[in-house]
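Visitor: Would you be able to build a 3D model of this:
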Amino acid sequence: MAAGLLLAGCTSGEPSVAPSPVPAPSATKAEPSALRPFYEQRAQWEECGAFECATLEAPLNYQDPGMSTIDLALLRRPANNQDEKLGSLFVNPGGPGVSGISYAKLAEVLFTEPVLEHYDIVGWDPRGVGESTSITCMTDEETDVYYETDGTPDTPAEVRGLVQVNERFTRGCVADDSELLRQLGTFNSARDIDILRAAVDEPRLNYFGASYGTELGAIYAELFPQRVGRMVLDAALDPAVSTDELSRGQLRGFQRATQAFIADCVAREGCAVGPTAAEAEEQLTGLLQEVDAAPLPTASGRPLTESLATLGMISAMYSESSGWPSLRLGLSQAFDGDGTVLLALADAYAERNADGTYASNVNSAFPAISCTDRPGTSSVVEAERLAREYEEFSPIFGRTFAWGSVSCRNWPVKRGDFPTSARAPGAEPIVVIGTTRDPATPYAWSVSLAKSLQNGVLISRDGDGHTGYNAGNACVDDAVDAYLVAGQIPDDPTIC
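Guide: Residues are numbered from 1 along each chain as shown. Alright, predicted model coming up:
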């Protein structure tokens with residue numbers, strides 16, 4: 001970030017309240033007659049603990065809406081101030097495959113008081129996910145094997161093992177629901193959102209999407225630009241990113257985040273690596289190589305394999321405040337021959353419970369949706385070439401990312417919908433938040449998405465971690481709250 005740029009868009013106090021404008025009827029196209037029954041649904045809310053729940057229907061296949069339907073599960077947290085409510089704010093945490101219902105349940109820690117005061121927070125499980133019509137490709141035991149399998153094969157036998165575990169995953173998805181599998185793409189999920197918007201009687205979609213949820217929101221805006229209300233896309237995945245660019249961009253993002261972690265760690269007393277950043281990176285690389293040769297014991301009795309150790313390290317990069325301290329402890333343990341904390345980090349990321357069950361179907365939904373959107377075509381030979389190339393840039397993670405390219409190679413959907421541009425012509429201003437050292441969705445993607453949207457507005461957060469809203473930066477929070485609650489468009493760009 002240029003040193004001379006000023007902080008912009010920061011306000012103080014609660015913003016004034018201003019309803020979102022309602023589109024003129026002529027601005028929206030009439031729904032095709034085959035879709036009219038879906039749009040005529042109204043959510044029938046029922047008490048659901050401290051929340052309200054409902055289930056709606058959507059067509060499995062939008063090209064043939066009368067063929068069969070799927071269920072979409074929703075959860076609503078009512079606004080604190082119903083008298084000054086602005087409407088519903090649909091929220092999606094990304095993944096893909098992460099539960100929006102679980103996300104909405106955490107609204108009080110994820111959103112600021114002004115937003116909670118004036119919006120019903122509505123989360124839903126997208127098609128293929130959680131409580132909606134979902135996909136399950138593996139048993140719990142198979143999921144353990146999926147994560148434990150060597151993701152950086154060194155021998156022909158290890159290569160065969162990695163290929164086989166991915167092929168087994170694909171067969172499991174097809175066996176579970178081959179028709180749903182072919183309809184899991186983001187474009188269909190975006191069409192589902194418009195049915196949900198109508199079902200809660202909102203003329204426009206107010207939306208907050210994080211990570212992959214930004215791509216989902218951007219595609220909604222592209223399909224239904226005149227129905228966009230106040231939309232915030234935090235930590236953007238630009239739909240224009242190709243499969244290859246996705247892999248390379250994330251590798252660079254996690255490498256950059258790891259270097260930031262190392263710089264912070266070696267400056268602290270008692271850091272397990274160092275004393276220089278270069279030595280620390282060599283030590284982390286060496287640790288993974290040692291774990292590859294001899295997995296570490298843990299308190300649970302499950303060994304920490306190289307793949308699980310890598311996953312634990314990657315998961316810590318998502319949050320400077322919580323992930324980095326856990327990783328410092330995990331590395332200190334690991335260098336003493338104990339993999340307990342690194343395994344706990346990996347299990348938390350995979351949503352694995354202590355009893356060996358998994359808390360959700362995200363481990364099926366994430367790859368299934370990703371492969372449907374961007375089918376991979378890398379052969380073993382290509383993966384080996386990428387491994388050599390990626391390792392030069394990131395000795396720690398390069399081989400893992402390179403071999404990940406074979407995961408979708410036998411996917412039944414041969415052509416996905418991405419890359420594609422999202423312009424959303426005629427939409428109201430859409431706010432995009434990018435964090436400069438975001439590991440999972442590099443800052444450049446937020447910049448490119450904001451630029452491609454016809455009416456995109458960029459908020460740049462100079463910092464670490466994944467996502468920028470409600471992450472300790474008052475400048476970002478104030479700008480977003482003023483936009484969502486008062487309709488105040490941030491300066492473009494806003495530098496925080």
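Visitor: CA only for contacts and neighbour counts going forward, please
Guide: Fine.
Visitor: Just give the nearest non-adjacent residue to Cys496, would you?
Guide: Using CA to CA, 6 or more residues apart in numbering and skipping the chain neighbours, the partner closest in space to Cys496 is Arg461 (4.8 Å).
Visitor: Can you give the distance from the helix or strand containing the one you found to the centre of its chain?
Guide: Arg461 is part of strand 456-464 when elements are defined by DSSP states H and E. Its chain's C-alpha centre and that of strand 456-464 lie 17 Å apart, by CA atoms, centre = their mean, to the nearest Å.
Visitor: could you pull out the strands for the stretch 1-150 of the chain?
Guide: 46-48, 51-59, 69-77, 87-92, 119-124 (DSSP state E, counting those that start in this stretch).
Visitor: could you dump the ones you listed to CSV with distance to Thr136?
Guide: Shown next, in CSV, are the strands of the stretch 1-150 of the chain (distance: least, CA to CA, whole Å):
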stretch, distance to Thr136
strand 46-48, 25
strand 51-59, 20
strand 69-77, 15
strand 87-92, 21
strand 119-124, 18
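Visitor: what sits against the residue nearest to Cys496?
Guide: By CA atoms under 8 Å, 6 or more residues apart in numbering, Arg461 lies in contact with 433-436, 468, 473, 476, 495-496.
Visitor: Output the longest helix belonging to this protein.
Guide: Secondary structure of the chain per DSSP state H: the longest helix is helix 156-181.
Visitor: Report the inter-axis angle for that one versus strand 69-77.
Guide: Calculated by axes from the mean of the first three to the mean of the last three CA atoms, to 10 degrees, helix 156-181 forms an angle of 90 degrees with strand 69-77.
Visitor: After helix 156-181, heading C-terminal, what element do we hit next?
Guide: helix 186-199.
Visitor: Which strands or helices does that following helix pack on?
Guide: helix 36-39, strand 51-59, helix 212-223 (3 or more CA pairs under 8 Å, 6 or more residues apart in numbering; DSSP states H and E).
Visitor: and Glu290, how many residues sit next to it?
Guide: Counted by other CA atoms under 10 Å, the residues lying close to Glu290 total 14.
Visitor: domains of the chain?
Guide: What the record gives for the chain is the domain set 48-134+203-241+423-495, 136-183+243-417, from automatic domain parsing.
Visitor: In a markdown table: those, plus distance to Ser33 and mean pLDDT.
Guide: Putting these into a markdown table (distance: least, CA to CA, whole Å; pLDDT from 0 to 100) gives the following:
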| stretch | distance to Ser33 | mean pLDDT |
| --- | --- | --- |
| domain 48-134+203-241+423-495 | 10 | 97 |
| domain 136-183+243-417 | 21 | 96 |
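Visitor: Out of those domains, which one sits most buried?
Guide: Each of the domains of the chain was scored by mean neighbour count; the highest is domain 48-134+203-241+423-495, a mean of 22, by mean count of other CA atoms under 10 Å.
Visitor: For it, measure first residue to last.
Guide: Across domain 48-134+203-241+423-495, the straight-line distance between its terminal residues is 41 Å, by CA to CA, to the nearest Å.
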